[in-house]
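Q: sequence first, predicted model second:
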Amino acid sequence: MPSSNYQELVENFRWQVPKVFNIGADVCDRHADGAGRLALVFVDEDEGCHRYTFDDLRRLSNRFANVLVAAGLRRGDRVGVLLPQRPETAIAHIAAFKAGLISVPLFALFGEQALEFRLANSGTKAVVTDAVGLAKIDSIIDRLPSLERIYVVGRNAKAPIAGTRVSMFAASIELASDAFDPVSTAADEPALLIYTSGTTGNPKGALHAHRVLLGHLPGVELAHDFFPQPGDLYWTPADWAWIGGLLDVLLPAWHHGVPVLAHPISKFDPEFALRLMAEHGVRNAFLPPTALKLMRQAKAQQRGMQLRTVASGGESLGEELLAWGQETFGLAINEFYGQTECNMVVSNDACLFPVQPGSMGRAVPGHKVRIVDEAGNGLPCGEVGFVGVARPDPVMFIEYWQDPLATAQKFAGDYLITGDLAQQNRDGYFTFVGRSDDVITSASYRIGPGEVEDCLLKHPAVSMAAVVGVPDPIRTQAIKAWLVLKPEYAPTNDLAGEIQNFVRIHLGAHEYPRQVVFTDELPLTATGKIIRRELRERG
C-alpha cells in the first residue's frame, strides 16, 4: 500500500491472486533461502526461549508433510491441529497446506463434546496434539471412525483405544526426508476448515481456500500502518486456533517474512503481557478488546515497550478505551472488523484517516462493503441494516462444510450477509449497532447459544435450557443460562456450580454460563422456540 491517501488506495487497488497458490509454500519456502532469516521466537516457562528460522520451518514442515503422505493421507483429507501457540502448531498447518490437505484448527481448551462434534463432522483423519489433548480424544475415540492417526507433541502420552495409531511427533519426523515438493494447489482449492458457532444447533465449519491468506493482507497492512516496516515483530495473545490468531497475525506476518512471537497461555495476564512485549521488542500487536480492558483494569503502564502498532477487533472499543490506549501505548489503536466467514473487511488506520470513536473504520481497499437489507439491496447513508460484503472476494469462505442450505442462507443477492447490524455515514465510516441474531460476544469469542444449550441438556438434572448474553464490563457479554430442572432435582447453589463445571469440562472454559437462573418455565413461541429476547429483557 504505497499511497498515503486512503481514497487513492481504494481506487488503485487491484487483487493479485494467481491461479496456483499454496499457503504453505508462500509463508515458509519463499523465505527459506539459507540466510537464516528469523521466523519464530517461542517462549515457554518450561521449555525456555527458542528461535526458529524459515529454513528450520521449511525442513520441519517438509518432514511432517512426508509423514502425513506416508501415512496414507491424500489431497483434501483433513488434519486437526489441537495445540496452543507453539512451533509444532505452525509446522503442522504448513505441512498440511504443502501436502494439499485441509487443516482444522482446534482450540486447545475445547472440552470433549466440542472436540467430538468438530472431529466427527469434518471427518478428520489425523490430529496433532499434546498429552492434554490426547486424554480428551481418548474418551471419545470410539465415536470418531474417521480418525486414524494421532501425533503427540511432548512427553507423558499414552495410547488410546487400539486401532488408532499414536506416534510421538518428534520421533515421527526424525527419520523423514527434508525434501518435499509442495502440491500445486489452485488458489480456490480448500485449505482451512474453521468452525464457527451459529445461533441454533451445532457449530458450522467455514471452509476457506488458499486464497484466504491473500484476502487478509490488505486488512492487516491497513490496521498496522503500512505493514511491514523494518524491524517489525508481531505478537498476539489470541490462540492460533481462531481466525484472529492464525490469519490476522501468524500467516500474514510470515507472508511478509516478519518474525512472530509465540507463547502458550491459558489465561491472559496483563502484567506478563507487557513484560513479554518489552523483553522481546514486539513492534506489532493484535490485542483483543478483552485483553485491553484487563490491561486498563490492572492499570497497566508502558514499560520499555517498542510498539509501533496495536490493532484490535471482535468488539467495539469505545472512546474511553481508545483514549486509554493512546495514553498508555503512545499510539492509536486501530480497530478492525470481520468474521470467520469473511474477515478483516473494515478497518481503521490513524495514519491514513482520523479515527472516529465508536466506528469500526472504513472498507479495506479491495473489499466492497455496504449496508444492505435482507434482500441484499443497498441502503442509504445513516440507515441501519446488515453489513454486506460483495462477492466474489478472496477473503470470503467457500461454503459451510456439508451444509448447502446454511451456505445459501448466508448470501442475499450479490452480498454475503454477516448478520451484524450497522450503519454507514457519508464519510464511509461503519458503526456497529448489534447482532441480528442471538450470537453471544464474550471476551472476543462469538458463541452460539445452541451448542451451550445442547450441552446443558446433557446434564441429568436439566429438563430445558436457554442461553443468552448479558452485559459484562470486561467481557462485553457474559453467558447466562435459564434452566428448568427435572422434578426430582432441587435448585441449589451447589447444583448451579455443578452444572457450570459440567459445561466447562465438556465444551470449554470460554463457553460455560457465568450466571445460572433456575425457573419453572421458559418463554416459548407457539411452535416451541425459545424467545431469547424476552430473557435478555429480564436481565
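A: Perfect, thanks for sending it.

Q: can you tell me which residues contact the residue most central in space within the chain?
A: Most central in the chain under CA atoms, centre = their mean is residue 242, positioned 1.9 Å from the mean C-alpha point. For residue 242, the contacting residues are 105, 107, 194, 445, by CB atoms under 8 Å, 6 or more residues apart in numbering. (Each C-beta comes from the backbone N, C-alpha and C, glycine too.)

Q: residue 234 too?
A: 249, 253, 258, 259, 260, 261, 282, 283, 284, 285, 286 are the contacts of residue 234 under CB under 8 Å, 6+ apart.

Q: and for residue 76, the neighbour number?
A: 10 (other CB atoms under 10 Å).

Q: pull the most distant pair out of the contacts of residue 234.
A: 259 and 286 (14.9 Å; CB to CB).

Q: for those two, indicate the residue with more neighbours.
A: Higher neighbour count among residue 259 and residue 286: residue 286, with 25 against 21, using other CB under 10 Å.

Q: which residue packs closest to that one, ignoring adjacent ones?
A: residue 236 (4.0 Å; CB to CB, 6 or more residues apart in numbering).

Q: again, but for residue 110
A: residue 508 (5.0 Å).

Q: surely that neighbour is in contact with residue 115?
A: No. Under the criterion of CB atoms under 8 Å, residue 508 is not in contact with residue 115, lying 9.3 Å apart.

Q: pick the one among the contacts of residue 234 closest to residue 228.
A: residue 258 (4.8 Å).

Q: so where's the stretch 151-300 of the chain uncertain?
A: Along the stretch 151-300 of the chain, the parts satisfying pLDDT under 70 run over 155-164, 198-201.

Q: phi, psi for residue 97 please.
A: In this entry, residue 97 is assigned phi and psi values of phi -60, psi -50 (degrees, to the nearest 10).

Q: tell me the contacts of it?
A: 22, 23, 24, 25, 103, 182, 185, 191, 210.

Q: my reading is that residue 100 lies in a strand. Confirm?
A: No. Counting by DSSP: H, G, I helix; E, B strand; the rest coil, residue 100 falls outside a strand, being coil.

Q: just say helix, strand or coil for residue 281.
A: coil.

Q: does it really touch residue 306, like I thought?
A: Yes. Taking contacts as CB under 8 Å, residue 281 lies within contact range of residue 306: 5.2 Å.

Q: what residues are shared contacts of the two?
A: Joint contacts of residue 281 and residue 306 (CB under 8 Å, 6+ apart) do not exist.

Q: pLDDT below threshold where in the stretch 301-450 of the chain?
A: 302, 435-437.

Q: in it, which spans are strands?
A: Here the stretch 301-450 of the chain has its strands, by DSSP state E, counting those that start in this stretch, at 309-313, 333-339, 342-347, 359-363, 369-372, 385-390, 399-400, 411-412, 415-424, 430-435, 440-442, 445-447.

Q: the stretch 151-300 of the chain too?
A: Going by DSSP E, counting those that start in this stretch, the stretch 151-300 of the chain shows strands at 165-168, 190-196, 204-209, 234-235, 260-262, 284-286.

Q: distance to residue 228 for these - can I get that in TSV?
A: Putting the strands of the stretch 151-300 of the chain into TSV (distance: least, CB to CB, whole Å) gives the following:
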stretch	distance to residue 228
strand 165-168	36
strand 190-196	23
strand 204-209	23
strand 234-235	9
strand 260-262	12
strand 284-286	8
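
Q: ok, for residue 394, nearest residue in space, not its chain neighbours?
A: residue 215 (3.5 Å).

Q: the one you found contacts residue 396, doesn't it?
A: Yes. Assessed by CB under 8 Å, residue 215 is found in contact with residue 396 at 7.1 Å.

Q: still on that earlier bit, the residue nearest to residue 110 and residue 452: what is the separation?
A: 10 Å (CB to CB, to the nearest Å).

Q: likewise for residue 404?
A: 26 Å.

Q: looking at those two, which one has more neighbours?
A: Taking neighbours as other CB under 10 Å, residue 404 and residue 452 compare with residue 452 leading, 22 against 9.

Q: about what we covered before: want to try a markdown table for the contacts of residue 242, with neighbour count and distance to residue 58 as columns?
A: Formatted as a markdown table, the contacts of residue 242 follow (neighbours: other CB atoms under 10 Å; distance: CB to CB, whole Å):
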| residue | neighbour count | distance to residue 58 |
| --- | --- | --- |
| 105 | 24 | 21 |
| 107 | 23 | 27 |
| 194 | 26 | 25 |
| 445 | 22 | 33 |
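
Q: before we move on, the earlier item: for the strands of the stretch 301-450 of the chain, which one sits closest to residue 36?
A: strand 309-313 (26.1 Å).

Q: tell me which residues in the closest one are buried?
A: 309, 310, 311, 312, 313 (16 or more other CB atoms under 10 Å).

Q: with stretch 512-523 instead?
A: 512, 513, 516, 518, 522, 523.

Q: distance between the ends of it?
A: Terminal residues of stretch 512-523 are spaced 22 Å apart (CA to CA, to the nearest Å).

Q: got it, and stretch 45-61?
A: 25 Å.

Q: stretch 283-299 now?
A: 21 Å.

Q: quick one: that stretch to chain centroid distance?
A: With CA atoms, centre = their mean, to the nearest Å as the basis, stretch 283-299 stands 17 Å off its chain's centre.

Q: A strand includes residue 79, no?
A: Yes. Secondary structure of residue 79 (three-state DSSP): part of a strand.

Q: that one is in contact with residue 94, isn't it?
A: No. Residue 79 sits out of contact with residue 94 when judged by CB under 8 Å, with a separation of 11.1 Å.

Q: between these two, which one's more packed in?
A: Legend: neighbour count by other CB under 10 Å for residue 79 and residue 94, higher for residue 94 (29 against 26).

Q: how far off strand 190-196 does the helix or strand harbouring the more buried one point, in degrees?
A: Element membership of residue 94 [criterion: DSSP states H and E] is helix 87-98. Between helix 87-98 and strand 190-196, the angle comes out at 130 degrees (axes from the mean of the first three to the mean of the last three CA atoms, to 10 degrees).
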